[in-house]
Every structure is written in C-alpha cells, then in structure tokens.
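Participant: model the following, please.
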Amino acid sequence: MVGHLYCHRTDSPFALDKRERFCRCAKIGTMEASNPEPLPEPKKSRTLGFGVLVTIAFLGVNRGCSSVNASPSWIIGTAWFALSAACLVILIWLWDHTNRHNPIVRSALSLVVVGAIVASTYNPVREQYRKEHPSPSPTGVKIPPPPAPPSPVPPQTTPTLMVSPKPDPEAQLEFSFWPIGPDEHMIDTISKQLINGVVEVAITAKDVGTAQAENGQLWIQLCDACKFAEEPTGATMPPNDITVRRKRFDVLHMGSFFESTTLRIIPPEGILSFTIALKYSCEKCPPINNKNPKKLRVNIIAAEPTLLGLFKTDFSSIGGITDGGFNLPVTGGNSVHIDRRVLTDFPGKSKFLAFYISSSEYVFESCMALAGIARPMGMEWPVGVNTIGGDSASGMTSIKDLTFSGRVFIYHEWPLSNKQKADITETYAAKSLDVQFRGIDYLGMSIIRWHQDHDGKK
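Facilitator: Reported below is the predicted structural model:
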C-alpha cells in the first residue's frame, strides 16, 4: 500500500503548537497493515525530584524570613528568597501538570511566582536594610533613637525620722593606785620598795559612768608566782585560787572613789616588776571583761629588811591578818603600842599570834603583860572577819574554825637579856603558851642573807 501515514507524537516536550504535534511520515513502499511498527510509550515524570524542589523552595522562604527577622544581614535573606523563586520557576517548567501549557502561559506563571515572592519579601528586606544602613539626617547630625519608655516609678514613701533611743545609764569603774595624782589623776604605774620580800601598795576605784554602781564586786588577781603576804581587809579568797581575792560593796556613787584597799604582796625573787589585774561587776555595770582586765604595774625597788618589815612578811606562805594594833598598859600607868598579827594555817586548821614592840622602854614588862592576854586574844581575834582558805587536799576552812595553837612570836626592837628571856619563857609556859623571840640578832641574820642574795647580782 502506497500512501501517507501521520504519526501522533505525545511525548515530545519541544512541540510549540498544535500543528507540530502531528508529523507526516511519508513512506514509500508497501506496508503491511496487519504488522504495524509499535510506538514508544511516553516517559513518566519523577515526583520525587519535584518534591525535593518544593522542599528547597519552602526551606528558602523559611530561611529568608529568619534572615530578615533575626539575622543581622539583609543580603543573606535576599539570597534565600531568590533561591526559593528559582526553585519554583524550575518546578513550573518541569512539572507534568504545567509543562504541557504554552510557553507563554508558563512564562506568565513564572512571573506571577517571582512577583509574589518579591511582593511578600520586599518590606522585610527593606526594613532590615534600613536597620543596617541608617540614613543620616539632613544636617549631618545623627538622629537619636526614640527614648525608651519611662520605667515605672515606685510609689514614694515619706521617710520616717528614726530617733535612736538614749542608752541606759551605765556604771563604769576605773582603777588606780592610792593616793591618786593631782586633779584626781588616775595612776596605773608605781614604784615601791621591796622590804623583807614584800611590796605594799594601796588601790582604789572610781565610778566614771552615768549611773551609780550597786551590789558590786571587785576581783583582785596577782601574777601567777606572786603571793599575798596577808589577807586584804574585807576580802575573801575563791576556792582553790590563791592569787585572787574578791571584795564586795553595796553602793558606789557617780564620781566617787572606792575605799582604798592595802595589798601586801610577795613577788617572786629576781623580778623587777609585776602587774595586778582588776575586774568588777554590779547591777548597772557592763559585762565582765575577762579577756582585757584593767592592769596596774608595780616597779620594784629593793631595800634592806627591817624588823617591822619582817614582822609583816614572815610566814607569807600561809598568810595572816593584821590591824592597827592596840595600846598595852604597863607599870607606872604607862602604855606601849603593840602591833599584832594572827597567822592562819588553813591546811593545818590552826592559827597563832605575832606581836611587834617598837618601844625601847618597857620591853620586858610588855612581854610579861602579853602573856596574860595572848590566849583569849588568839581564840577570839579577829572579830567580825569571815576569811576562808585551804587547799584541794584539806578543803576550805573558815578562820572562825581554826584552833589557836598557843604559839606566840614576839618581835622587839630593844634587846632582852638571857635572864629576861628565861623569865618570859617560864611565864608563857605556865599558861600553855610557846613563845619565841625575834629581835636585833634575828634582823642581823636577815640583812646578811639579803646582801648575799642581792650583792652578787649587781
């Protein structure tokens, strides 16, 4: 069969119009109608590739929006928007549902897509650009940014005038040696002679506070190696603390001085000075200052011993109590002044007497007269004193509970003959008293020992 055969091509993406969809194939020759040549099947588009393009397009739009809203660069946002537009245009030209359309239609669709992207992204890109490139003012002066909104002002409160309460009146004590200095100057350092191993000082206290001190107590503490040669008047010793004495008082008015207290102290040998620590308490006083007590300093001046000094300092290891003495009547209507001490042996729970006769006359008569009053005096004196003492082994004992041992020591400045001493000893023995004499011979031996101790150290 000779004729013309028209083939309908449906798989060509390059057909421009309807006429070109048909091609005329001239075949010369005879063709068997029963065995025509099979036509190739049209190619199917791959949906996966277009899905990737769509994904990239939406990712581009997202990144573009993120760039102009958060990123500091408008260029990055424009690039992402352009990439999104390109992906959508490619999709229009390759997608099965759009690639059959006329090229003019597909071009129009591409312009619509590009225009939509430009219209939707123009304002964000412009705002980002202005933020990065602020335009100068016409006068060349930068326009300041608009002021920040005012911060909320807290409600104003009227300040309340706080008046601090006046401190409560308080009693404060200051310590000094007695006598005090001119214009009531308080003295905290003094120089005293060491007589027979004893230093004698007097102390006082003054209320310098704004209230009177009531129901108070003083603490007097010596150095660790120091000792009391005798008990201070009106003082008591705390249990197991031989270097401390306590003294109570009822009232000390503002600006007034406490009665002076005499201290007879035995410092350790070889030292040049020592201190006395003082504390106090009362109802209107501040708390006790245990860490920083008031301290008074005593500088020691050595001196040769005297018989009166020996009378006051002997038996310092056990201590004693003295007073102003008494006048002893003697023959002829005369009297002799006698100083006295009661020596307290608290661990031995006993006491004994010591007398000092300063007169150069009536020494023998005085010794004989003392024999008649020594025992009752030793048993009853001191009256009205409630001193206690002792140690951890024997316990504490009151001076009222000490037993008079019958021992009597007589210090006399004027010598006695051997016969006078024998008569005095016999008289005392008849009254169950044991008398011992300490006169100028005893003083001479003490002076020799003192020079032996001090001259070698010069």
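
Participant: can you classify Pro124 as helix, strand or coil?
Facilitator: helix (DSSP: H, G, I helix; E, B strand; the rest coil).

Participant: er, Phe249 actually
Facilitator: Following three-state DSSP, we place Phe249 in the strand state.

Participant: contacts only, for the residue lying closest to it once chain neighbours are set aside.
Facilitator: Excluding the flanking residues, the one nearest Phe249 by CB to CB, 6 or more residues apart in numbering is Gly216, at 5.2 Å. Yep, even glycine has a C-beta here, placed from its N, CA and C like the rest. Counting by CB atoms under 8 Å, 6 or more residues apart in numbering, Gly216 touches Ala171, Leu173, Arg248, Phe249, Leu252, Tyr280, Ser281, Cys282, Glu283, Cys285.

Participant: tell me the one of these nearest Gly181?
Facilitator: Leu173 (17.6 Å; CB to CB).

Participant: wait, that closest one touches Ala211, no?
Facilitator: No - Leu173 lies out of contact with Ala211 (CB atoms under 8 Å); the separation is 11.5 Å.

Participant: from Leu194, how far out is His454?
Facilitator: For His454, the distance to Leu194 equals 10 Å [CB to CB, to the nearest Å].

Participant: who touches both of these two?
Facilitator: Ala302.

Participant: so which of these two has more stuff around it?
Facilitator: With other CB atoms under 10 Å as the criterion, His454 and Leu194 differ in neighbour count, and Leu194 comes out ahead with 25 against 15.

Participant: give me the beta-bridge partners of that one?
Facilitator: For Leu194, the beta-bridge partners under DSSP bridges are Ala302.

Participant: and it, what does it touch?
Facilitator: Contacts for Leu194 (CB under 8 Å, 6+ apart) come out as Pro267, Ile300, Ile301, Ala302, Ala303.

Participant: at 7 Å instead, please
Facilitator: Ile300, Ile301, Ala302, Ala303 (CB atoms under 7 Å, 6 or more residues apart in numbering).

Participant: let me know whether the last one touches Ile195 as I believe.
Facilitator: Yes - assessed by CB atoms under 7 Å, Ala303 is found in contact with Ile195 at 5.4 Å.

Participant: who's more crowded, the two?
Facilitator: Ranked by neighbour count (other CB under 10 Å), Ala303 and Ile195 place Ile195 first, with 20 against 14.

Participant: what's the helix or strand for the closest residue to that one other than its chain neighbours?
Facilitator: Leaving out its chain neighbours, the residue that sits closest to Ile195 by CB to CB, 6+ apart is Gly309, at 3.9 Å. Using DSSP states H and E, Gly309 falls within helix 307-313.

Participant: assign a three-state SS to Ala202, would you?
Facilitator: Three-state assignment for Ala202 (three-state DSSP): strand.

Participant: what are the bridge partners for it, then?
Facilitator: Thr262.

Participant: how about the helices of the chain, start to end?
Facilitator: 47-69, 74-94, 103-132, 307-313, 363-380, 418-430, 440-455 (DSSP state H).

Participant: show me what the longest one is packed up against.
Facilitator: The contact analysis (3 or more CB pairs under 7 Å, 6 or more residues apart in numbering; DSSP states H and E) places helix 103-132 against helix 47-69, helix 74-94.

Participant: by mean pLDDT, show me the worst of those.
Facilitator: Lowest mean pLDDT within the helices and strands packed on helix 103-132: helix 47-69, at a mean of 61.

Participant: so for Leu173 and Ala211, which sits in the more crowded spot?
Facilitator: Higher neighbour count among Leu173 and Ala211: Leu173, with 23 against 17, using other CB under 10 Å.

Participant: shaky segments in the stretch 101-250 of the chain?
Facilitator: Where the stretch 101-250 of the chain drops to pLDDT under 70, the residues are 135-146, 148, 151, 153-154, 156-161, 163.

Participant: swap in 90 and give it another go.
Facilitator: 101-169, 183-184, 193-198, 224-225, 229-231, 234, 237-242 (pLDDT under 90).

Participant: residues near Ser360, how many?
Facilitator: By the other CB under 10 Å criterion, the neighbourhood of Ser360 contains 10 residues.

Participant: grab the nearest non-local neighbour of it.
Facilitator: Ranked by CB to CB, 6+ apart and with sequence neighbours excluded, the top spatial neighbour of Ser360 is Trp414, at 4.5 Å.

Participant: could you measure from Glu231 over to Asp323?
Facilitator: For Glu231, the distance to Asp323 equals 11 Å [CB to CB].

Participant: more neighbours, these two?
Facilitator: Under the criterion of other CB under 10 Å, the comparison of Glu231 against Asp323 puts Glu231 first, with 22 against 13.

Participant: next up, the contacts around the more buried one.
Facilitator: Gly319, Ile321, Thr387.

Participant: can you count the residues close to the first one?
Facilitator: I take that to be Gly319. For Gly319, the tally of surrounding residues (other CB under 10 Å) stands at 22.

Participant: same check, this time on Ile271
Facilitator: Counted by other CB under 10 Å, the residues lying close to Ile271 total 12.

Participant: now Gly77
Facilitator: Applying other CB under 10 Å, we find 23 residues neighbouring Gly77.

Participant: also Val330?
Facilitator: Using other CB under 10 Å, Val330 is surrounded by 18 other residues.

Participant: quick check, pLDDT for it.
Facilitator: Reported pLDDT for Val330: 88.

Participant: just to revisit the earlier point, most tightly surrounded among the helices of the chain?
Facilitator: Among the helices of the chain, the stretch with the highest mean neighbour count (mean count of other CB atoms under 10 Å) is helix 307-313, at a mean of 21.

Participant: average pLDDT for that helix?
Facilitator: On average, the pLDDT along helix 307-313 is 89.

Participant: doesn't Thr397 make contact with Ile346?
Facilitator: For residue 346 the amino acid is Phe, not Ile. Yes - between Phe346 and Thr397 there is a contact under CB under 7 Å: 5.1 Å.
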